[in-house]
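Q: okay, sequence plus prediction incoming.
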Amino acid sequence: MADQVLLSHANGIPNSDSGKPSFGHGNRETQPGLELRFRNLQFKIKGKQILHDVSGTAHPGKVLAVMGPSGSGKTTLLNVLGGRIKCSRCQATIGNQPLTKRTRRNISYVLQQDIFFPNLTLLQTLSFAADLRLPEHLSQKDKREIVDGLIEQLDMKKCTKTIIGDNMSRGLSGGEKKRANIANELLTDPAVLLLDEPTSGLDSSTAFALTLSLKKYAVQSGKTVMMTIHQPNAQMFFQFDTVLLLSGGRVAYYGAPNDVIKDFAEMGYACDTTHYNPADFILDVVKSGNESAARLISASNKRRLTTPDCPILPSTVTADELNMENEVTTGAALGSKEKMDVEISNGKIHQPEVYERYRSKENLEDSDPSLTDVSEEEDTDARWSTSFFTQFKVLTQRSFIQGKYRFLSKLKFIKTIGVALICGLLWFQIGRGHVKEVEVNDITSCLFFVTLFNSFNSLFDILMVFPSEREVINKERMSGSYRLSAYYLAKSVSELPLSIILPSISTFIIYWMAGLNGFNEAWAFFGTWFVMILITIGMQSLGMFIGTATMDFDHSLVLAIFMMITFMLLGGFYIKNIPSWLHWMRYVSPFQYSWALMLYFEFDSNQRVLCDPENSMYPSCAINVTAPPSNETRFVEFGDILAANRADVPAWACVCSLIGTLIFFRVIGYVLLRMFHKPMVK
Ligand SMILES: Nc1ncnc2c1ncn2[C@@H]1O[C@H](COP(=O)(O)OP(=O)(O)OP(=O)(O)O)[C@@H](O)[C@H]1O
């Protein structure tokens, strides 16, 4: 309903008359927000210290904004709290409970990138997410109500049937995608909402509308909101309750936006607020040079000694910081006696009284029992919202819908039918009736080509989409939406029927036009078709393996081409006389088996190929020179054709090998996905 829409799309300004929360679960009872405390976070990656003693407190009903220049560690901070990266020296609590895998389920993290399946509509995306992430005791009707409520509250009713879209196909706008991203995370009614740059890429009025909605959401629902933001305008800046300014991974300022001007003026940085946006001002100061940044950090460290929400270990504050000429509030707070008590040793302070007062306030303490390292106490009780069966069912449906666009696009139909028609014309009726010995090579090349065509298609289809699909899976796994095994099984099952449609069409067209096996034996056609399906699915499994064994498309392309060329050369068609010491390599190629099987189906009878009366290459056509000349029609024996093509593996063993290949690569793909693609953000 229009009056319930809080974000007025026309002007981007929320409808402040509405009494309802900006977004959330509407009239349903929701869980209250929880306080998120983080203390002296230290994070290092590849030997580089990214976060240095970063502390802060996000309160229920309030918005904590993390600001700072690019590369100052804003995203890293959110990644640590959101559990996207492991941090061994990071202490945090949520609602006074240590932040563990289990308690982190109260946090939802809206990533900066809007990662979705591009071909699903907004409604499909949110409905599948609801089915996967909401508890099973909720009925379909309840889940649908929650989804509809969020769509309505985020003013997205008009785009429920619009696809998410990507570079290739247009879909939701940038702002709509951002709101879809937020809606997706709000589904679970989190106590704490983390958002990484939710306003990036939005115009200023839409960005303000979103910030205001987040503020209203925090206030009206009592939820805790913590967001990073690059360069808010003044209106947005004053919506925040607290600002945490980072510089080079250190806290440069922690306080209320309203105090910023006063506090910076005390440090010698006066701001002309009539012409300057305070947010721009503080960013400019922190970016204006190392000296300014160091000065801010020193002043902040000193203030933090008495700031309960953003404390620092006294031992990490240097003497210089404590004796700064530019006294900030802490200076006033510390009595002169306390100052005299300071013992200075090696540039670090040991100040018993300050430390005692600090401890008594429970600001921060190494041994605070409620503060546990974020990566510790990873409870193994991975409770999913839904059962394996539900996850499998929902993911199968979603994968099927998503796969339909991928496997059965118009372009792919045109390509498959076009190539099949060209092949059919070039090899037109080559196999009809009895074939001449010289035509055998044409028939085998036709069979080998069809196999390669379908195999390459199948493999590259997977490689093209897997990197982006892996991102969605990582995101969803990070938010604990489902088990990897449920996803993998669902993907394998749902794509099976879709992946065989185009290879079946091309096989049928070529088989019929080329008149293979005289086109008079149905079982030969079905046999050939079955082999084609096996090799196609086998190549899909290979694609999954390559997609998981490599990190990006370029690497996967190199590995795929290397493997396919090797398999092709060893497939039996191109090279008949492999050096004896490399003979074993032939059995590595799945094409060896598919091709042999196709030869079985094509040349099954001893009455197919006419001997060349002049110059036959087959022993069965050899003329007995002592016998009188005869006009009798002679045929090449089936065994001779197999032997000439080095097809020496029995048919049953070929079928088993193809099925084995299919299972082998699929299982290895799963293992690699499980082991090497643990969901992590950069
Ligand atoms: N995996 C990594 N390996 C090495 N350095 C990294 C890695 N991830 C982040 N960094 C570095 O950590 C620093 C902080 O990065 P982060 O993404 O947290 O910054 P940010 O403040 O969010 O930047 P922006 O506003 O541009 O998104 C940067 O210098 C970045 O190069």
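A: Everything's here; your move. Numbers count the residues shown, from 1 in each chain.
Q: what's in contact with stretch 581-589?
A: Outside of stretch 581-589, the residues that reach it under the criterion Cβ atoms under 8 Å, 6 or more residues apart in numbering are 566-572, 578, 592, 646, 649, 657. Every C-beta, even on glycine, is put in place using the N, C-alpha and C of the backbone.
Q: equivalent analysis for stretch 486-496, please.
A: Outside stretch 486-496, the residues that reach it (Cβ under 8 Å, 6+ apart) are 388, 391-393, 395-400, 403, 407, 473, 477, 537, 540, 666, 669-670, 673.
Q: can you tell me which of the contacts of stretch 581-589 is closest to the ligand?
A: Within the set of the contacts of stretch 581-589, Thr566 lies nearest the ligand; the separation is 33.9 Å, counting by Cβ to the nearest ligand atom.
Q: quickly find the element holding the closest one.
A: Counting by DSSP states H and E, the secondary-structure element that holds Thr566 is helix 553-569.
Q: elements contacting that helix?
A: With contacts taken as 3 or more Cβ pairs under 8 Å, 6 or more residues apart in numbering; DSSP states H and E, helix 553-569 sits against helix 440-478, helix 522-549, helix 590-602.
Q: so what's the model's average confidence on it?
A: Per-region confidence: helix 553-569 scores 93 on mean pLDDT.
Q: quick one on the thing from earlier: any of the contacts of stretch 581-589 buried? List them.
A: By neighbour count, with 16 or more other Cβ atoms under 10 Å, these hold 567-572, 592, 646, 649, 657 as buried.
Q: pull the contacting residues for the residue in the stretch 101-250 of the chain that the ligand sits nearest to.
A: Closest approach between the stretch 101-250 of the chain and the ligand, counting by Cβ to the nearest ligand atom: His230, at 5.7 Å. The neighbourhood of His230, defined by Cβ under 8 Å, 6+ apart, consists of 67, 70, 197, 199-200.
Q: quick one: name the residues of the chain near the ligand.
A: 45-46, 48, 50, 68, 70-76, 230, 682 (Cβ under 6 Å from any ligand atom).
Q: kindly recompute the last result at 5 Å.
A: Proximity of the chain to the ligand is assessed by Cβ under 5 Å from any ligand atom, with 45-46, 50, 70-76 identified as the residues in range.
Q: what about the residue of the stretch 101-250 of the chain closest to the ligand, which SS state?
A: coil (DSSP: H, G, I helix; E, B strand; the rest coil).
Q: ditto for Asp155
A: Each residue gets one of three states, and Asp155 gets coil by three-state DSSP.
Q: how close does it sit to Ala514?
A: In this structure, Asp155 and Ala514 are 58 Å apart, going by Cβ to Cβ, to the nearest Å.
Q: likewise for Pro308?
A: Relative to Ala514, Pro308 is positioned 81 Å away (Cβ to Cβ).
Q: who has more neighbours, those two?
A: When neighbours are counted by other Cβ atoms under 10 Å, Pro308 and Ala514 differ, and Ala514 comes out ahead with 24 against 14.
Q: count of neighbours near the closest residue to that one other than its chain neighbours?
A: Computed as Cβ to Cβ, 6 or more residues apart in numbering, the closest residue to Ala514 that is not its neighbour in sequence is Trp427, at 4.1 Å. Using other Cβ under 10 Å, Trp427 is surrounded by 22 other residues.
Q: show the pLDDT at Trp427.
A: At Trp427 the predicted local confidence, pLDDT, stands at 92.
Q: OK, contacts around it?
A: 442-443, 446, 510, 513-514.
Q: turn the residues you listed into JSON lines, columns for pLDDT.
A: As requested, those are exported to JSON lines (pLDDT from 0 to 100):
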{"residue": "Asp442", "pLDDT": "90"}
{"residue": "Ile443", "pLDDT": "91"}
{"residue": "Cys446", "pLDDT": "93"}
{"residue": "Ile510", "pLDDT": "94"}
{"residue": "Met513", "pLDDT": "92"}
{"residue": "Ala514", "pLDDT": "90"}
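Q: give me the domain ranges for this structure.
A: Domain assignment for the chain, taken from automatic domain parsing, gives 116-190, 426-676.
Q: and which of the contacts of Trp427 is nearest to Glu291?
A: Closest approach to Glu291 among those (Cβ to Cβ): Ile510, at 74.2 Å.
Q: count the neighbours of that closest one for me.
A: When neighbours are counted by other Cβ under 10 Å, Ile510 comes out with 25.
Q: wait, doesn't it sit right on Phe448?
A: No - judged on Cβ atoms under 8 Å, Ile510 makes no contact with Phe448 at a distance of 11.9 Å.
Q: number of residues surrounding the closest residue to the ligand within the stretch 401-550 of the chain?
A: Of the residues in the stretch 401-550 of the chain, the one nearest the ligand is Asn474, at a distance of 14.6 Å by Cβ to the nearest ligand atom. By other Cβ under 10 Å, the residues close to Asn474 number 18.
Q: please apply the same query to Ser504.
A: Number of residues near Ser504 (other Cβ under 10 Å) recorded here: 16.
Q: mind checking how far it is from Ile533?
A: For Ser504, the distance to Ile533 under the criterion Cβ to Cβ works out to 7 Å.
Q: could you tell me whether Arg432 really is in a helix?
A: No - using three-state DSSP, the secondary structure at Arg432 is coil, not a helix.
Q: might one say that it is in contact with Asn517?
A: No - using Cβ under 8 Å, Arg432 and Asn517 do not qualify as a contacting pair, with a distance of 9.5 Å.
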